[in-house]
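*Asks:* Kindly return the folded structure for what I paste below:
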Amino acid sequence: VANEGGKHWTVNEVRALIRIWSDKNIQQQLEGTVRNKRIFEQVAARLQKFGIDRDWKQCRTKYKNLKHEYKSVKSAQDSGSTSKSMKFFNELDAILGHSIMEQASKSDNDESERPPEWTEAKSEKDSVG
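*Replies:* Numbering: from 1, shown residues only. Alright, predicted model coming up:
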């Protein structure tokens, strides 16, 4: 099926992408920047070694989609709903579970508009687990 991003990702392709993404070095690079073309060029090059032909844009789009889906499943679970699920949740939880709160606050530009009690509540929640 030809959608905007080319052909659909197979389960093996997604697994390979997640395996590369789970590399601590890649994670640190992704957490530290928004302009991440260079990082996704590395990811695409590493996929190539597995015989997977994806360009950096496809990798970035898939990464963003997986991350978005993960966040929505995670927040549904946090609110007590079990109806939402996704195929690679456990793998993504291993990567994103520890840092999703930090990343969420980093990516928001309206940090200054947040009431101070939000930040305090968040850090208490982080120290519990």
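
*Asks:* Can you tell me the element the residue nearest to residue 84 when sequence neighbours are not counted falls in?
*Replies:* Leaving aside its sequence neighbours, residue 84 sits nearest to residue 76 (CB to CB, 6 or more residues apart in numbering; 3.9 Å). Just so you know, the C-beta spots here come from the backbone N, C-alpha and C atoms, and that holds for glycine as well. Here residue 76, judged by DSSP states H and E, is contained in helix 56-78.

*Asks:* who does that helix touch, helix- and strand-wise?
*Replies:* Packing partners of helix 56-78 (3 or more CB pairs under 8 Å, 6 or more residues apart in numbering; DSSP states H and E): helix 11-21, helix 37-49, helix 89-96, helix 100-107.

*Asks:* doesn't residue 88 make contact with residue 18?
*Replies:* Yes. If you go by CB atoms under 8 Å, residue 18 and residue 88 touch, sitting 6.0 Å apart.

*Asks:* So for those two, which residues contact both of them?
*Replies:* residue 66 (CB atoms under 8 Å, 6 or more residues apart in numbering).

*Asks:* one step back: export the helices and strands packed on helix 56-78 as TSV, with columns for mean pLDDT and distance to residue 72.
*Replies:* TSV is the format used below for these (pLDDT from 0 to 100; distance: least, CB to CB, whole Å):
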stretch	mean pLDDT	distance to residue 72
helix 11-21	96	17
helix 37-49	96	22
helix 89-96	93	11
helix 100-107	47	12
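
*Asks:* export these to CSV and tack on distance to residue 29 and mean neighbour count?
*Replies:* Output for these, formatted as CSV (distance: least, CB to CB, whole Å; neighbours: other CB atoms under 10 Å):
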stretch, distance to residue 29, mean neighbour count
helix 11-21, 11, 17
helix 37-49, 5, 16
helix 89-96, 13, 17
helix 100-107, 13, 13
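
*Asks:* picking that back up, look at the residue nearest to residue 84 and report its pLDDT.
*Replies:* pLDDT, residue 76: 91.

*Asks:* the inter-axis angle of the helix holding residue 76 versus helix 11-21?
*Replies:* In terms of direction (axes from the mean of the first three to the mean of the last three CA atoms, to 10 degrees), helix 56-78 departs from helix 11-21 by 90 degrees.
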